[in-house]
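# Need coordinates for the below:
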Amino acid sequence: MSEQLDREELRRRVRARAGRPQVPGPSDNAATNLLLADVAMATGTYLLRLAVERAFLTSRYGAETARQIVDNRTLLRTLGAAAVARMATRSVPGAALVSTGLVGKLVYDRLRGRRAAQQAGDAALLEQAAAESEAAALDQQAPPAQ
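Alright, predicted model coming up:
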């Protein structure tokens with residue numbers, strides 16, 4: 001009997017809804033509209049991601065090189081980036097883990113960059129000092145001009 005009531009209640013609700021306006025969207029089927037919305041969102045997200053990646057790379061490498069970098073990315077790198085992004089957007093702990101990793105990587109890169117610059121500067125100064133020492137040693141070994 002409860003199953004019969006459930007059907008009657010369902011029919012009553014369908015009849016009540018019949019007077020309402022149609023489902024908004026290009027199709028009368030709500031599932032089709034949802035699928036179209038999902039495809040549009042995925043396409044928009046993909047295009048926005050490509051534009052942001054190219055914008056970041058263009059400032060350093062130029063437009064053509066940035067396009068080549070984005071276009072020639074390996075499948076493994078693309079899947080890895082997608083997995084990390086999915087982990088970051090699915091949960092708060094995932095977002096915390098990913099953001100902590102990104103901040104750590106940025107700090108490491110900056111420190112490594114400073115160290116590399118300092119080492120390059122030190123090497124240049126040591127080479128300059130060695131060149132000056134060699135020149136001084138050669139001046140001392142040369143016979144005096146008469």
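# elements contacting the host helix or strand of residue 86?
Element membership for residue 86, per DSSP states H and E: helix 75-90. Packing contacts for helix 75-90, counted by 3 or more Cβ pairs under 8 Å, 6 or more residues apart in numbering; DSSP states H and E, involve helix 92-141. (Each C-beta comes from the backbone N, C-alpha and C, glycine too.)
# mind giving me the domain ranges of the protein?
Using automatic domain parsing, the domains assigned to the chain come out as 28-73, 75-135.
# Can you add distance to residue 10 and give those back as JSON lines?
Shown next, in JSON lines, are the domains of the chain (distance: least, Cβ to Cβ, whole Å):
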{"stretch": "domain 28-73", "distance to residue 10": "17"}
{"stretch": "domain 75-135", "distance to residue 10": "35"}
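# ranking the ones you listed by mean pLDDT, which is last?
Note on the domains of the chain: domain 75-135 shows the lowest mean pLDDT, a mean of 83.
# Check the offset of that one from the chain's centre.
A distance of 15 Å separates the centroid of the chain from that of domain 75-135, by Cα atoms, centre = their mean, to the nearest Å.
# got the contact list for residue 104?
Applying Cβ atoms under 8 Å, 6 or more residues apart in numbering to residue 104 gives no contacts.
# What lies in contact with stretch 11-28?
With Cβ under 8 Å, 6+ apart as the criterion, stretch 11-28 contacts 29-30, 32-33, 36-37.
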